[in-house]
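Participant: Sequence and predicted structure, then a few things I'm wondering about:
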Amino acid sequence: MRSICLYFQIHQPFRLRTYRFFDIGNDSNYYDEYQNRFIIRRVAEKCYLPANKLLLTLIRRHGQAFRVCFSISGTAIEQFEKYTPEVLDSFKQLAATGQVEFLAETYGHSLAGLKNKEEFKRQILMHSQRVEELFGIKPTSFRNTELIYSDEIGATIAEMGFYSILAEGAKHILGWRSPNYLYYNALNPRLRVLLRNFRLSDDIGFRFSNKAWSEWPLTAEKYVSWLNAFDPNQELVNIFLDYETFGEHHWKETGIFEFLEALPKTILTQSNFEFHTPTEIASLHQPVAPIHVPHATSWADEERDLTAWLGNELQEEAVSNLYALVSKVYACDDPSIWKDWLYLQTSDHFYYMCTKWFSDGEVHKYFNPYPSPYEAYINYMNVLSDFIIRVEKNSVGKLEYEGWPSLKSVYEFNNISGPPLPFVTQAPHFVRSDKKSSKLMAQPSDLIHFSDRKLKSALKNTDSEFIAKIIANSAEEVTDKILRNLTKQRGEEVKELAHEIKKVSKKALSEAVEEILLHIQK
Amino acid sequence: MRVLMFGWEFPPHITGGLGTACYGLTKGLMKHGVEVIFVVPKAYGDEDQSAVRLVDASDIVVDPNDSEFKGLWDRIKYMEISSTIIPYVSPEKFEDMKIREELNKHRDEQHVLSRKYEFSGKYGPRLLEEVSRYALIGSALAAKEEFDVIHAHDWLTYPAGIAAKNVSKKPLIVHIHATEFDRSGQNVNPEIYEIEKRGMEEADFVISVSNFTRNICIEKYHIDPDKIITVHNAVEPADNMESPTVERNLDDKIVTFLGRITFQKGPEYFVEAARKVLDRYPNVRFVMAGTGDMQQKMIRRVAKLKMGTKFHFTGFLKGNEVNKLLAMTDVFVMPSVSEPFGIVPLEAMQSNVPVVISKQSGVSEVLKHAIKVDFWDVNALADAIYGLLAYPKLPEMATREGKSEVDNLKWENAAFLVKQVYERAIRLSSSN
């Protein structure tokens, strides 16, 4: 079987307004409402709405044979809700066909995968929940911000139970090999890695409307002839694109919609490729080899590296100042801080500070609202300075995770056992190893993050036997904290019980901790 | 290729950027094998003549009874020497004025059409007279020297350039370093405007130091855009050995304005921005170096804004004092309202100082690693200054990248473009 995977990225950042230093401490409205609304509406009109309409038509026309896949960042979803709810409705219509897969990503389209694992997981969880709420499907495959991928990121994603991940078929990671096979993560073979065929993707994404290109004009027939030219053993072609390719990067006058309309029919009739989505591909194809990516790659620029976001000291400084706030932000209970925390992580803000385009083409400039990286940096740092003040004020003396997706729900998310997607023909043929999951079981040390007040009330409702198991098998730090939150009498009782119990298995210990976590949740 | 070049000054006897630019350009031209005969109104004998043959116009003797010159003079005379205006005079020159008046007493007897004429080579009250005489010299030289093309720098030398063209029939290039609009704002001197306009019209090609200036030539002088070519100025490599080490006894950071305190340089925007920055960032001092007709007003404004202890006026700084100030500076600001090019930010960058410049400056067209703001946008200006003070990575990168950027603005490259203009002009005039 040969598969072609069409994936479209949909992302919009909350663009920042011109924020002067004298606003710091005075005004915490960071976003350019007017510009954001204007852009979302324009792109909706030119791209999202007509393209969604066309895809729906194509799905109806070709039935089961045509499938596509999207990821929509959390910041894009929120802006659709705010400015163009009809766009969300049209995605819901597509979701209802059962032939569209929605991928998980970080809620804020962030660089958290490179900077903070816990935040990374939280954002994925938040995003998955949001997608499930909206479209009724729990995401089972993942793609990271701008296709940023490394062995380590893949391992985290595998840990969370995703079946597959999308990455760039960069020359420097593939070497002589072809992107047209299914690969697996080098640290965790469970996770399938789909590599973007950048030549065929960029033929549509970058070159389609370029009249100087020798292949212009590009027709569906010509495109399919390139697919047919591949060695028949190459069984997978991944076309990953910005959704804005349709109608925004290439205007409708270029014939891009006609091309998209003709493509499914031409592929289905003139080649032996079938349309599949990432989760299906994970179950339908055998991976051929591990793909080793020790240093993170992305789909950006010629270098396919991180330098568009983390290539100079301004970007490094801004990002590290931001992520230095993680633990303080987690202690905040002001919902507006949680929101800004996500919005300020969006990778676009750092992209605007890139100095590469001084020498490197116009692509960056096109997306950049700032005249230079220096202005972008000053503006962002002004905003961040105000945000830091708010976080410092709000987090003082608090150590709770209230309102945030808790660690426990992150653990729960590990088990994507939910209903298989309607179009998955067979269950993925790999088995979760228990050894791996034991790493993710609740640990007694998880308890020390909670406030005494919370722990006290949770312990009240927890069976003494569970508490005793923890007392008998934990570090002093944990036992002290627990005993401190028990009445004297109960403390004595638990200690005695612990003396009898002595050692318990890891699993039993984890269950005991989970029991307490459960009461904290309540 | 040989060029007859007319300039008004040549290092070390310079008052502004013009002489420095001419010097850099001639050195660059030499590298491309172009010979330059450089004519100045007055040579002092200590000029660096490695790249040029310097001709002192004061040494040129003309015979006023020669019928040829009489005919020439009739053509030059269109500018009357009645005017007493003192264009180009920088305020810091006011002090010199008295001395110059003394000198002029001697010259009162000296008629512009005498056999020998002693130029002052300055921008004094008899400037227009000197310009006329210089033009006469131009035609005398044009008849005497062998050359392929004529190149005249700024309006003072345009009459000479035109005269030389008339005599020799060689192509004329005029080089616009500044226009009357940049120097005088709205109070344009109509005589100078006429000379500038005529020079550009008579020229085969016009070289402007920036697109900013090019647009002024098109819009205000109605010159055919096809014959105006922008060649941005460059900068002489900094002599690293000489950069002074200055002991800083202040914890405060220093933000500097360096230039004439006149409307064109936008000093008031600097003052207003200073107040805004000080409100949020107290550990900083502002320095305004230079003099000018707006100085009194600025001092009053600073007092009114109650920042007298944080805002300092230095008066006119000479040579090494400038370098010392730059060595102490954390942020250099040039908020010019109208600046044909603006070499000082480049010197600041060479001294490892990050710069904020107005978009209304020619130099902003060649710099990437400078923060650019509209001169009138005081908030943006204040924000840029604050950013450079408050976020240490910003000056770090701007300084490092800026230095290497400026090091690559070489006169050799500018001279190459100028040579191409020469070649075009010669080709065109020989085919006609």
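Facilitator: Great, that's in hand. Keep in mind that this is a model prediction, so the values were computed, not measured. Numbering: from 1, shown residues only, chains lettered A, B, ... in the order given.
Participant: Residues of chain B that sit close to chain A?
Facilitator: B:276, B:279-281, B:368-369, B:371-372, B:379, B:382-384, B:386-387, B:390-391, B:393-394, B:396-398, B:401 (CB under 8 Å from any CB of the partner chain). C-beta: built from backbone N, CA, C; applies to glycine.
Participant: hmm, try it at 6 Å
Facilitator: B:280, B:368, B:371, B:379, B:383, B:386, B:387, B:391, B:393, B:397 (CB under 6 Å from any CB of the partner chain).
Participant: What's the local residue count around the third one?
Facilitator: In this case it means residue B:371. Using other CB atoms under 10 Å in any protein chain shown, the number of residues around residue B:371 comes to 27.
Participant: got TSV for the residues of chain B next to chain A, with pLDDT, distance to residue B:127 and secondary structure too?
Facilitator: Shown next, in TSV, are the residues of chain B next to chain A (pLDDT from 0 to 100; distance: CB to CB, whole Å; DSSP: H, G, I helix; E, B strand; the rest coil):
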residue	pLDDT	distance to residue B:127	secondary structure
B:280	93	47	helix
B:368	91	39	coil
B:371	96	38	strand
B:379	96	41	helix
B:383	96	42	helix
B:386	97	43	helix
B:387	96	44	helix
B:391	96	48	coil
B:393	94	49	helix
B:397	94	45	helix
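Participant: count of residues packed around the residue of the stretch 201-350 of chain B at minimum distance from chain A?
Facilitator: When scored by CB to the nearest CB, the stretch 201-350 of chain B has residue B:280 as its residue closest to chain A, at 5.7 Å. Neighbourhood size, residue B:280 [other CB under 10 Å]: 16.
Participant: Widest-spaced pair of the residues of chain B next to chain A?
Facilitator: Taking every pair in the residues of chain B next to chain A and measuring CB to CB, the maximum separation is 27.6 Å, between B:280 and B:368.
Participant: Check which helix or strand residue A:18 maps to.
Facilitator: Residue A:18 is part of no helix or strand, with elements assigned from DSSP states H and E.
Participant: what helix or strand is the closest residue to it other than its chain neighbours on?
Facilitator: Using CB to CB, 6 or more residues apart in numbering or on different chains and skipping the chain neighbours, the partner closest in space to residue A:18 is residue A:379 (6.5 Å). For residue A:379, the host element (DSSP H and E) is helix A:373-395.
Participant: For that helix, which helices and strands make contact with it?
Facilitator: helix A:326-330, helix A:335-344 (3 or more CB pairs under 6 Å, 6 or more residues apart in numbering or on different chains; DSSP states H and E).
Participant: Now it: average pLDDT?
Facilitator: Regarding helix A:373-395, the rounded mean pLDDT is 93.
Participant: All the helices of the stretch 51-200 of chain B, residue numbers only.
Facilitator: For the stretch 51-200 of chain B, the helices defined by DSSP state H, counting those that start in this stretch occupy B:67-76, B:94-107, B:127-144, B:158-168, B:180-184, B:190-202.
Participant: likewise the stretch 351-500 of chain A?
Facilitator: Using DSSP H, counting those that start in this stretch, helices in the stretch 351-500 of chain A cover A:363-367, A:373-395, A:407-413, A:434-438, A:452-460, A:464-473, A:476-484, A:488-501.
Participant: which one of those helices has the lowest average pLDDT?
Facilitator: Mean pLDDT values for these show the minimum at helix A:434-438, a mean of 37.
Participant: could the helices and strands packed on helix A:373-395 be laid out in CSV, adding mean pLDDT?
Facilitator: Shown next, in CSV, are the helices and strands packed on helix A:373-395 (pLDDT from 0 to 100):
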stretch, mean pLDDT
helix A:326-330, 87
helix A:335-344, 91
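Participant: pLDDT score for residue A:427?
Facilitator: Looking at residue A:427, the pLDDT reads 31.
Participant: let me redo that: residue B:135
Facilitator: So residue B:135 comes in at 86 (pLDDT).
Participant: same deal with the one 3 residues further on?
Facilitator: The per-residue pLDDT reported for residue B:138 equals 86.
Participant: Tell me how many other residues surround the spatially closest residue to residue B:32 that is not a sequence neighbour.
Facilitator: Sequence neighbours aside, residue B:419 is the residue nearest to residue B:32 in space, at 5.1 Å (criterion: CB to CB, 6+ apart). Using other CB under 10 Å, residue B:419 is surrounded by 19 other residues.
Participant: Any buried residues in the helix or strand hosting residue B:419, and which?
Facilitator: Applying DSSP H and E as the criterion places residue B:419 in helix B:411-431. Buried residues in helix B:411-431, defined by neighbour count with 16 or more other CB atoms under 10 Å in any protein chain shown: B:411, B:414, B:415, B:416, B:418, B:419, B:421, B:422, B:424, B:425, B:426, B:429.
Participant: neighbouring contacts of that helix?
Facilitator: For helix B:411-431, the surrounding residues in contact (CB atoms under 6 Å, 6 or more residues apart in numbering or on different chains) are B:24-25, B:27-29, B:31-32, B:34, B:148-149, B:171, B:204-205, B:229, B:231, B:234.
Participant: CA atoms of it as CSV?
Facilitator: In CSV, the C-alpha atoms belonging to helix B:411-431 read as follows (Å, rounded to 0.1, in the frame of the first residue of the first chain):
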residue,chain,number,x,y,z
TRP,B,411,35.0,54.4,0.3
GLU,B,412,36.5,52.0,-2.2
ASN,B,413,33.0,50.7,-2.9
ALA,B,414,31.4,54.1,-3.1
ALA,B,415,34.2,55.2,-5.4
PHE,B,416,33.6,52.3,-7.7
LEU,B,417,30.0,53.4,-8.2
VAL,B,418,31.2,57.0,-8.8
LYS,B,419,33.6,55.7,-11.4
GLN,B,420,30.7,53.9,-13.1
VAL,B,421,28.9,57.2,-13.3
TYR,B,422,32.0,58.8,-14.9
GLU,B,423,32.1,56.1,-17.5
ARG,B,424,28.5,56.5,-18.3
ALA,B,425,28.8,60.2,-18.6
ILE,B,426,31.9,59.9,-20.9
ARG,B,427,30.2,57.4,-23.0
LEU,B,428,27.1,59.5,-23.4
SER,B,429,28.9,62.7,-24.2
SER,B,430,31.2,61.1,-26.7
SER,B,431,28.3,59.5,-28.5
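Participant: And stretch B:260-275, end to end?
Facilitator: End-to-end distance of stretch B:260-275 (CA to CA, to the nearest Å): 21 Å.
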